[in-house]
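**Q** 3D, please:
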Amino acid sequence: MKKSRAKTLKVLFYLGAFTFLLSISACQESDSDVVKPKTIAEIINQSNDFTFLQEIIASGKMGDALRTENLTLFAPNDAAFRASGIPSASVITALSADSVVSFINYHLVNKRYEYADIPSGNLKALNGYNIRVTKQDTIVILNKADVSLKNVNAANGIVHVIDRVLTDK
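**A** Residues are numbered from 1 along each chain as shown. Down below sits the predicted model:
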């Protein structure tokens, strides 16, 4: 009787250990289960709020530039274009190719800045012009644009949505 009980306990122990190990191995994530962060280009292209910017980026053939590492994009949404007096993307896409690229590059900085870390003063945009940054308590103003949505993380940087188009005037 003692032998059969010991044998039963031994079988139950091994069965429990096997079940435990099997359940642990089933819980491991595979690479296909992990959601990879989107690039800045993907964030812009997959949003209905950026149709003007999508068209301008396509016109300037700048899609690959938005896949570059370590960028901050100050992204005007469609409402920001309208608030800036730009009723359609064609106002920008009708410009010379160099002007379209410069326009896009004026909204890009070659460093990743979390909202709280955006420095006061001047930020050098990718087109070589300065973006004037004014900080009032916890509010950041870029030229005359307020940040309406901050810290949209991307695989290659960060996006801050702004309520006006950046201009150097």
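**Q** for this structure, longest strand please?
**A** If you go by DSSP state E, the chain has its longest strand at strand 145-154.
**Q** any idea which helix or strand comes after the helix or strand of the chain with the lowest mean pLDDT?
**A** Here the helix or strand of the chain ranked lowest by mean pLDDT, DSSP states H and E is helix 2-26, holding a mean of 58. Note on helix 2-26: by DSSP states H and E, the next helix or strand toward the C-terminus is helix 40-45.
**Q** now that following helix - C-alpha only, CSV.
**A** Output in CSV follows, covering the C-alpha atoms of helix 40-45 (Å, rounded to 0.1, in the frame of the first residue of the first chain):
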residue,chain,number,x,y,z
ILE,A,40,7.3,58.9,-38.0
ALA,A,41,6.3,58.3,-41.7
GLU,A,42,3.9,55.5,-40.7
ILE,A,43,2.3,57.6,-38.0
ILE,A,44,1.7,60.5,-40.4
ASN,A,45,0.6,58.2,-43.3
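**Q** restricting to C-alpha, output the helix or strand hosting Q54 in CSV.
**A** Counting by DSSP H and E, the element that carries Q54 is helix 51-59. In CSV, the C-alpha atoms belonging to helix 51-59 read as follows (Å, rounded to 0.1, in the frame of the first residue of the first chain):
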residue,chain,number,x,y,z
THR,A,51,-3.9,64.5,-45.2
PHE,A,52,-2.3,67.8,-46.1
LEU,A,53,1.0,66.8,-44.7
GLN,A,54,0.8,63.4,-46.4
GLU,A,55,0.3,65.1,-49.8
ILE,A,56,3.1,67.6,-49.2
ILE,A,57,5.5,64.8,-48.0
ALA,A,58,4.7,62.8,-51.1
SER,A,59,5.1,65.8,-53.4
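**Q** show me what that helix is packed against.
**A** helix 40-45, strand 71-76, helix 78-83, helix 90-93, helix 97-105 (3 or more Cβ pairs under 8 Å, 6 or more residues apart in numbering; DSSP states H and E). The way it works is simple: take the backbone N, C-alpha and C, and place the C-beta from them, glycine included.
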